[in-house]
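Asks: Below are the sequence and a predicted model; questions follow.
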Amino acid sequence: MRHRLLLSVCTLLIAAPAARADQIAAGLVTKVVEHEIYINLGSGRGLVVGAPVRLKRPIRLKHPITRALVEDWVPLGSARVRQVGTQLSMAVLDADLAAQVRLGDRVEIYVEGAAAPEPAPPTAPTPAEATPVADLPQVDPATEEILTLWASMNGQWLDARIAGWERYLARHPDSRHAAAIREDIAELRRLRDLARGPDDTLETEEIGGIAHSAPRHASAGTSTPLAFLIENEAALSSAWLHYRHRGDASYKRALLQRDGDLYLRGSIPADVVSAPGVEYFVEVATASGQVGTAVGRPDKPIAVEVERPSVASVFTGAPSRSSVSVRGTYMDFATFDDRSGERTDRFFMTEADFAYRVTSWLHAVRAGFGSVQGEGGFANERYDEMNRPDKVGFNYGYAEIEVSPQQSRLGIALRAVSGVGQEGFGAGGEARLRVGDPDGTHATLGASRISELGFLSELRLQVDTIPRAPLGFRVAVTDMPNEGDLGMMFATDLGWRALPWLVPSVRLSYQARTVVHSGVGAGFGLVFGW
């Protein structure tokens, strides 16, 4: 009897299957062909047809407090395995998910019945490993709130992360970590745009989420502000304003900024607002990752009428349209000329003018006056008491217009000059070609000629990359001040935006007509703008 019982127990032990458990196999996307993706996992890892596939994208973000780089991931979507090979498997994605997946994205596949690992016995920490509560660093409530929010975002969609940080900034605009959080939001938006693709067409599904009262009319050449009421603040991640001049084929877009928890604000730039009108719609993204339109649609945008401005209206006052400039330049071509005898060769030029910006195409009109006083102008003239250098003086006024046919990226300026000199009435003119932003970095090529004085042609580069410190470089050729020998001039201008409406500047120059006949110069400038 005892032998039979022992045999039955052994039989049951032999027949009982080994404990099995489900596991997750991790791999990478190795190839993307239209809607098909290939994964570096096969039957050897337990994959079978129909197994669920979860797709993730590794990302690197900065910790909101320490700013150290942290490895993280965001979910992309899911699918199922269609074919399984020994080393590779294939899954088919829907069109939206296929557009997002890239080589190197992470893949996790649910595998049923993988061998369960032996559980490790729990071990209690030794006294040396335990950390007394009193020794833990103290964290202030503001930092603790940020760390809690950061931890809650682990594995969340990009839109959910953006929404979380934007809500935090709306409630804590003065946080000492606000600048770092804005940097993180910008990086998250960049990653989201990359995931969607730069040429990704917008969803036309209307998902709502914001309310808006559209303006009926707008003034040409002025920015058009827009405000939107957030109906479900918790669900909204971000919103984009898409706008265009009526008749254009494509839209431009700008991120709408949060104003507290209730409002979004944005504007249509002034250079787009012109007759006959402008069109816009708003795209929103929810915290769950859904993207669609909330106000208008790409094919049925909101239309705003813009009337053509009258001739008189282009001269009405507006911010940053008017300026007064004062300039003075002294150039000496003989500072370093150590040959015997007197080698005088110099002139001093001053100008003052008033400028007014009119429209985008008639960029500016300008009127002013100037004076040039000089003597010499020749490299090899030697002067003494009997042979004095010829002096020249010319006082003049001028009028100038500047047109900008390509929305201020290209400008052409023409100036007419008339005045009185040593020989009586005289005239002159100047032409300039500008390429670039007139208020930022740009290059200017110009040439001018004034009777009795001579000509001056120059190439100037204005660099505005240093905040509040515009820097200019100038190369010129001239025969001034007496229609004399040709000379070269190299100058550097350094400005300082002391106030929003005041920019003083200084100039240092070197000029030469020959190797030995050369010298230095200096200048100043002062610009008042309003």
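Replies: That came through fine. Everything numeric here is computed off the predicted structure, so don't read it as measured data.
Asks: In the stretch 401-530 of the chain, where is pLDDT below threshold?
Replies: 406-408 (pLDDT under 70).
Asks: Where do the strands of it begin and end?
Replies: 410-421, 424-436, 442-450, 454-463, 471-478, 487-495, 502-512, 518-529 (DSSP state E, counting those that start in this stretch).
Asks: closest one to Trp150 among those strands?
Replies: strand 454-463 (39.5 Å; Cβ to Cβ). Backbone N, C-alpha and C define where each C-beta goes, glycine included.
Asks: Where do the helices of the stretch 1-150 of the chain begin and end?
Replies: Here the stretch 1-150 of the chain has its helices, by DSSP state H, counting those that start in this stretch, at 2-15, 95-100, 141-152.
Asks: I'd like the strands of the stretch 401-530 of the chain laid out as TSV, including distance to Thr293.
Replies: Shown next, in TSV, are the strands of the stretch 401-530 of the chain (distance: least, Cβ to Cβ, whole Å):
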stretch	distance to Thr293
strand 410-421	36
strand 424-436	36
strand 442-450	38
strand 454-463	41
strand 471-478	45
strand 487-495	45
strand 502-512	44
strand 518-529	40
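Asks: Please identify which of these is closest to Ser219.
Replies: strand 518-529 (21.9 Å).
Asks: How far off centre is the longest strand seen in the chain?
Replies: Of all segments of type strand in the chain, defined using DSSP state E, the longest is strand 69-84. Centre-to-centre, strand 69-84 and its host chain are 31 Å apart (Cα atoms, centre = their mean, to the nearest Å).
Asks: try stretch 379-396
Replies: 54 Å.
Asks: What residues of it count as buried?
Replies: Buried residues in stretch 379-396, counting neighbours by 16 or more other Cβ atoms under 10 Å, are found at 379, 381, 383, 389-390, 392-394, 396.
Asks: out of these, which are inside strands?
Replies: Using DSSP E, the members of the buried residues of stretch 379-396 that fall within strands are 392-394, 396.
Asks: Out of the residues you listed, flag the one nearest to Trp73.
Replies: Proximity to Trp73 was ranked across these by Cβ to Cβ; first place goes to Tyr396, at 69.9 Å.
Asks: tell me the mean pLDDT over stretch 100-118?
Replies: Averaged across stretch 100-118, the pLDDT comes to 71.
Asks: Same question for stretch 332-349.
Replies: 94.
Asks: again with stretch 154-171
Replies: 75.
Asks: what's that stretch in contact with?
Replies: Here stretch 154-171 makes contact (Cβ atoms under 8 Å, 6 or more residues apart in numbering) with 72-75, 145-146, 149, 152-153, 175, 178, 181-182, 184-185, 188-189, 191-192, 195, 233-234, 236-238, 258-261, 285-289.
Asks: Determine which two of the ones in strands among the buried residues of stretch 379-396 are furthest apart.
Replies: Using Cβ to Cβ, the pair of those lying farthest apart is Val392 and Tyr396, separated by 12.5 Å.
Asks: so what's in contact with the two at the same time?
Replies: Val372.
Asks: Show me what the closest residue to Gly397 other than its chain neighbours is bridged to.
Replies: Spatial nearest neighbour of Gly397, excluding adjacent residues (Cβ to Cβ, 6 or more residues apart in numbering): Phe369 at 4.5 Å. Taking DSSP bridges as the rule, Phe369 bridges to Ala352, Gly397.
Asks: OK, contacts around Phe369?
Replies: Per Cβ under 8 Å, 6+ apart, neighbours of Phe369: 351-353, 395-398.
Asks: And Val403, by the same measure?
Replies: 361-363, 411-413.
Asks: Closest to Ala218 out of those residues?
Replies: Of all the contacts of Val403, Trp361 has the smallest distance to Ala218: 18.6 Å, by Cβ to Cβ.
Asks: what about the closest one, distance to Tyr398?
Replies: 22 Å (Cβ to Cβ, to the nearest Å).
Asks: more crowded one of the two?
Replies: Taking other Cβ atoms under 10 Å, Trp361 and Tyr398 do not tie; Tyr398 has more neighbours (21 against 11).
Asks: tell me the contacts of the more buried one?
Replies: Here Tyr398 is in contact with 353, 366-370, 415-418, 430 (criterion: Cβ under 8 Å, 6+ apart).
Asks: Also Arg468?
Replies: The contact partners of Arg468, by Cβ under 8 Å, 6+ apart, come to 496-497.
Asks: can I see the domain layout of this structure?
Replies: By the record's domain assignment, the chain is partitioned as 20-115, 210-306, 313-529 (automatic domain parsing).
Asks: would you list the ones you listed in CSV and tack on distance to Glu166?
Replies: Supplementary listing: the domains of the chain in CSV, determined by distance: least, Cβ to Cβ, whole Å:
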stretch, distance to Glu166
domain 20-115, 14
domain 210-306, 6
domain 313-529, 26
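Asks: Take the ones in strands among the buried residues of stretch 379-396 and lay them out in TSV including pLDDT and distance to Val101.
Replies: Listed next are those as TSV, based on pLDDT from 0 to 100; distance: Cβ to Cβ, whole Å:
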residue	pLDDT	distance to Val101
Val392	92	75
Gly393	92	76
Phe394	94	72
Tyr396	96	69
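Asks: Quick check: of those residues, which lies closest to Gly42?
Replies: Tyr396 (85.8 Å).
Asks: mind listing what's buried in stretch 491-503?
Replies: Here stretch 491-503 shows 491, 493, 495, 497, 503 as buried, counting by 16+ other Cβ under 10 Å.
Asks: Okay, and the beta partners of the second one?
Replies: In this entry, Asp493 is beta-bridged to Gly472, Arg507, by DSSP bridges.
Asks: any idea how far Gly50 is from it?
Replies: 72 Å.
Asks: continuing past the lengthiest helix in the chain, what's the next helix or strand?
Replies: Ranked by residue count under DSSP state H, the longest helix found in the chain is helix 178-196. Using DSSP states H and E, the next helix or strand after helix 178-196 towards the C-terminus is strand 210-211.
Asks: show me the contacts for Val278.
Replies: Contacts for Val278 were tallied using Cβ under 8 Å, 6+ apart; they are 218, 224, 243-246, 268, 272, 303-304, 306.
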